[in-house]
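**Student:** Provided below for reference: sequence and predicted model.
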Amino acid sequence: MKMETANRLNGIGEYYFSQKLREIDTLNKAGKAIINLGIGSPDLPPHPDVIKTLQEEAAKPTVHAYQNYKGSPVLRKAMSDWYATWYGVSLDPETEILPLIGSKEGIMHICMTYLNDGDEVLIPNPGYPTYSSAVKLAGGVAIPYEMVEALNWEPDLDALASTDLSRVKLMWVNYPHMPTGQLPSRQFFERLVAFGHTHGILICHDNPYSFILNEHPASLLSVEGAKDVVIELNSLSKSHNMAGWRVGLLAGAKERIDEIIRFKSNMDSGMFLPVQLAAAKALQLGKEWYDSVNIVYARRRELVFDLLQMLECSFSREQVGMFVWAKVPSTYTDGYALSDAILYSSNVFITPGGIFGSAGNGFIRVSLCSPEEKINQAIERIRVSVPVTTNL
């Protein structure tokens, strides 16, 4: 029987990392022992008290039923308190917060909630590939806005304002920016909110990296008037080493939460209650938790800087987050060429910047989610096997 896939999948390929991990698995089976410096999945555990809470709550006989679509009141209150403590943002836990099964699902929920066929969405280039995929799956049209190093990896809002924005409904932004590690300025956040007001565009801010190697976490919702035009996604995946737990949140005005839950409530039945209660415990951790995580990442980042210098890449030491973004030397045609050279000669995988959009073609991204021992091994492998003065 011939079965055709839905038209909505036209132009939607398999996620790059899903495909690349299969290739790496094949290389490993051939005995290559690939060191993966590509994927940003934290290798450190959550706080012991978080794991203890999960264990204790999961042992109770009354916690295994379907859960409220809006999440546990305990978790929503913890999320509200977390935003007030760290971002200076006041959110009503009853009406302005929606827990998510990871923030990635929120990207899809938002697109499915607001987009009709042909609606346009501004997408960062370079940026997280899921933004574009979710827009296309929802029937929208992704309109990339190119960001460049000369503008501190911020969109040129004046240039965007001079284009036809009549069909643009949403704009995806992500700061601290992934993959470039760029921090936003307060002035930029204010201009971004004003841009949303002026053009009637809902600004969707994806904010999972604000605690990693960053002393001053910031929320776009902290700007005056932001709730009128901004919704924000956040996550415990990176900040609390809970990527596999799938705990995220959506924050915004009551009207936006009510609209999105109309879609979300038809897609899932809420998180396992012990996971929610453990997440609430995680959100109550103090500064010492974030400091302990960042001490580890800071040591790893210095090693990655050494690796990149050896490859004759250029990069900013001011970037934050759990990756390092670097420009490849002119001896390589693009980031793909350098990535492949390292993979096949040194058995080390580094992400080519081009997977994040055409503006990333000349760059690579190195993850900090590997122990120092592994990064040192990668440095030594590359040192003895990769020529840095010729294009491979």
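**Tutor:** Perfect, thanks for sending it.

**Student:** contacting residues for residue 343?
**Tutor:** 27, 34, 349-350 (C-beta atoms under 8 Å, 6 or more residues apart in numbering). In this view, the C-beta of every residue, glycine as well, is placed from N, C-alpha and C.

**Student:** how about a cut-off of 7 Å?
**Tutor:** Applying C-beta atoms under 7 Å, 6 or more residues apart in numbering to residue 343 gives the contacts residue 349.

**Student:** per-residue confidence at it?
**Tutor:** In this model, residue 343 is scored at 93, pLDDT.

**Student:** next structured bit after the helix or strand harbouring it?
**Tutor:** Element membership for residue 343 (DSSP states H and E) is helix 335-346. Sequence-wise, the next helix or strand downstream of helix 335-346 (DSSP H and E) is strand 348-349.

**Student:** That next one pairs with which strands?
**Tutor:** Taking DSSP bridges as the criterion, strand 348-349 forms sheet pairs with strand 35-36 (parallel).

**Student:** quick one: buried residues of stretch 187-207?
**Tutor:** Across stretch 187-207, burial judged by 16 or more other C-beta atoms under 10 Å covers 188-189, 192-193, 195-196, 199, 201-207.

**Student:** And for stretch 242-259?
**Tutor:** Here stretch 242-259 shows 242-243, 245-253, 256-257, 259 as buried, counting by 16+ other C-beta under 10 Å.

**Student:** next one: stretch 298-309
**Tutor:** Those would be 300-301, 303-305, 307-308, for stretch 298-309 by 16+ other C-beta under 10 Å.

**Student:** State the mean pLDDT of that stretch.
**Tutor:** 97.

**Student:** neighbouring contacts of it?
**Tutor:** Contacts of stretch 298-309 (C-beta under 7 Å, 6+ apart): 213, 315, 317, 324, 326, 366, 368, 372, 375-376, 378-379, 382.

**Student:** The same query, at a cut-off of 8 Å, please.
**Tutor:** Outside stretch 298-309, the residues touching it (C-beta under 8 Å, 6+ apart) are 37, 213, 315, 317, 324, 326, 366, 368, 370-372, 375-376, 378-379, 382.

**Student:** Does residue 315 touch residue 324 like I think?
**Tutor:** Yes: the pair residue 315 / residue 324 is scored as a contact, 6.1 Å apart, by C-beta atoms under 8 Å.

**Student:** For the two, indicate the residue with more neighbours.
**Tutor:** residue 324 (26 against 19; other C-beta atoms under 10 Å).

**Student:** Torsion angles phi and psi at residue 156?
**Tutor:** For residue 156, the backbone dihedrals (degrees, to the nearest 10) come out as phi -80, psi 90.

**Student:** What does the pLDDT read for it?
**Tutor:** For residue 156, pLDDT reads 95.

**Student:** For it, the count of nearby residues, please.
**Tutor:** Neighbours of residue 156 (other C-beta under 10 Å): 13.

**Student:** Please name the residues that touch it.
**Tutor:** Per C-beta under 8 Å, 6+ apart, neighbours of residue 156: residue 145.

**Student:** at 10 Å instead, please
**Tutor:** By C-beta atoms under 10 Å, 6 or more residues apart in numbering, the residues touching residue 156 are 145-148, 162.

**Student:** from those residues, which ones fall inside strands?
**Tutor:** 145-146 (DSSP state E).

**Student:** Please identify, among the contacts of residue 156, the one with the most neighbours.
**Tutor:** residue 147 (22 neighbours).

**Student:** Return the residues in contact with the nearest residue to that residue once chain neighbours are set aside.
**Tutor:** Nearest residue to residue 147, sequence neighbours excluded (C-beta to C-beta, 6 or more residues apart in numbering): residue 153, at 4.9 Å. If a contact means C-beta under 10 Å, 6+ apart, then residue 153 has 124, 126, 147, 175-177, 179-184, 316, 319, 325, 359 as its contacts.

**Student:** Closest one of those residues to residue 64?
**Tutor:** Nearest to residue 64 out of the contacts of residue 153 is residue 176 (C-beta to C-beta; 37.5 Å).

**Student:** Roughly how far does the closest one sit from residue 278?
**Tutor:** Per C-beta to C-beta, to the nearest Å, residue 176 is found 26 Å from residue 278.

**Student:** Equivalent analysis for residue 38, please.
**Tutor:** For residue 38 relative to residue 278 (C-beta to C-beta), the value is 29 Å.
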